[in-house]
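Chemist: everything below, folded, please.
(chains A and B)
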Amino acid sequence: NAGVTQTPKFQVLKTGQSMTLQCAQDMNHNSMYWYRQDPGMGLRLIYYSASEGTTDKGEVPNGYNVSRLNKREFSLRLESAAPSQTSVYFCASSESTGKNTIYFGEGSWLTVV
Amino acid sequence: GDSVTQMEGPVTLSEEAFLTINCTYTATGYPSLFWYVQYPGEGLQLLLKATKADDKGSNKGFEATYRKETTSFHLEKGSVQVSDSAVYFCALNRRTDKLIFGTGTRLQVFP
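Modeler: Okay, here's the model as predicted:
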């Protein structure tokens, strides 16, 4: 059972470099999300996509862009990485109706030096 | 806006002790409430959920009851094991699928 798969699992970037985090789900879910997890702050929503073809900002979107490539895939891009973006990033998905369970990937550990 | 408040950790217990992790929320209407667990080096997994007042969610010996009158969803387990050591997140959502998380509570269980 693959569920939500995200890559890479670990990445070290230099300040100013760009990179894309990839995410795919095989549960035929309509909604997908990107969260970041920082010590003492829980998980915060960066961007989400309620359905294929739509994306919306979450709580902390600055410095990020997203692409909902198709129903399965939702990527997160850092155009010019900053040390403040050092974090653990989680992709997640759910069915489109309200109050559904959200399923998470295993996380991507990103360090910006 | 909506928010979730959890007790700060870490919570340190001996094996077979009783566990309570407090969670309270602020939200208009009737949100769904969740507990997620994150084991070391892994992503979050849904532990249990409750979608309306007085519902009790349960899984793997953990329980939580949706208390509308006290806006709470405290997590309990009668006898913890070393393997329960993890970070526990309380969360809510309302009309959309966007989860709002608490800051997490680390549980450490020693033999």
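
Chemist: ok, the most centrally placed residue in chain A to chain B distance?
Modeler: Geometric centre of chain A, nearest residue: residue A:34, 2.7 Å, by C-alpha atoms, centre = their mean. The gap separating residue A:34 from chain B is 12 Å, by C-beta to the nearest C-beta, to the nearest Å. Quick note: C-beta positions are derived from backbone N, CA and C, even for glycine.

Chemist: was I right about that residue contacting residue A:49?
Modeler: No. With contact defined as C-beta atoms under 8 Å, residue A:34 does not reach residue A:49; the gap is 9.0 Å.

Chemist: spit out the residues that contact those two alike.
Modeler: Common neighbours of residue A:34 and residue A:49 are listed as A:66, A:74 (criterion: C-beta atoms under 8 Å, 6 or more residues apart in numbering or on different chains).

Chemist: distance-wise, check residue A:32 relative to residue A:61.
Modeler: Remark: distance between residue A:32 and residue A:61 (C-beta to C-beta, to the nearest Å) = 15 Å.

Chemist: who has more neighbours, those two?
Modeler: Neighbour totals were compared for residue A:32 and residue A:61, and residue A:32 leads with 29 against 16 (other C-beta atoms under 10 Å in any protein chain shown).

Chemist: what sits up against stretch A:29-41?
Modeler: Here stretch A:29-41 has contacts from A:21, A:23, A:25, A:43-52, A:58, A:60, A:64, A:66, A:68, A:71, A:74, A:76, A:87-96, A:102-103, A:107, B:97-98, B:103, using C-beta under 8 Å, 6+ apart.

Chemist: could you dump that stretch to PDB, C-alpha only?
Modeler: Only the C-alpha atoms of stretch A:29-41 are listed here, as PDB (Å, rounded to 0.1, in the frame of the first residue of the first chain):
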ATOM      1  CA  HIS A  29      -8.100  11.600  -3.700                       C
ATOM      2  CA  ASN A  30      -9.200  15.000  -4.900                       C
ATOM      3  CA  SER A  31      -7.500  17.100  -2.300                       C
ATOM      4  CA  MET A  32      -3.800  17.400  -1.600                       C
ATOM      5  CA  TYR A  33      -1.700  19.500   0.800                       C
ATOM      6  CA  TRP A  34       1.800  20.500   1.800                       C
ATOM      7  CA  TYR A  35       2.600  21.100   5.400                       C
ATOM      8  CA  ARG A  36       5.800  22.100   7.200                       C
ATOM      9  CA  GLN A  37       6.700  20.900  10.700                       C
ATOM     10  CA  ASP A  38       8.900  23.000  12.900                       C
ATOM     11  CA  PRO A  39       9.800  22.400  16.600                       C
ATOM     12  CA  GLY A  40       7.200  23.800  19.000                       C
ATOM     13  CA  MET A  41       4.900  24.900  16.200                       C
END
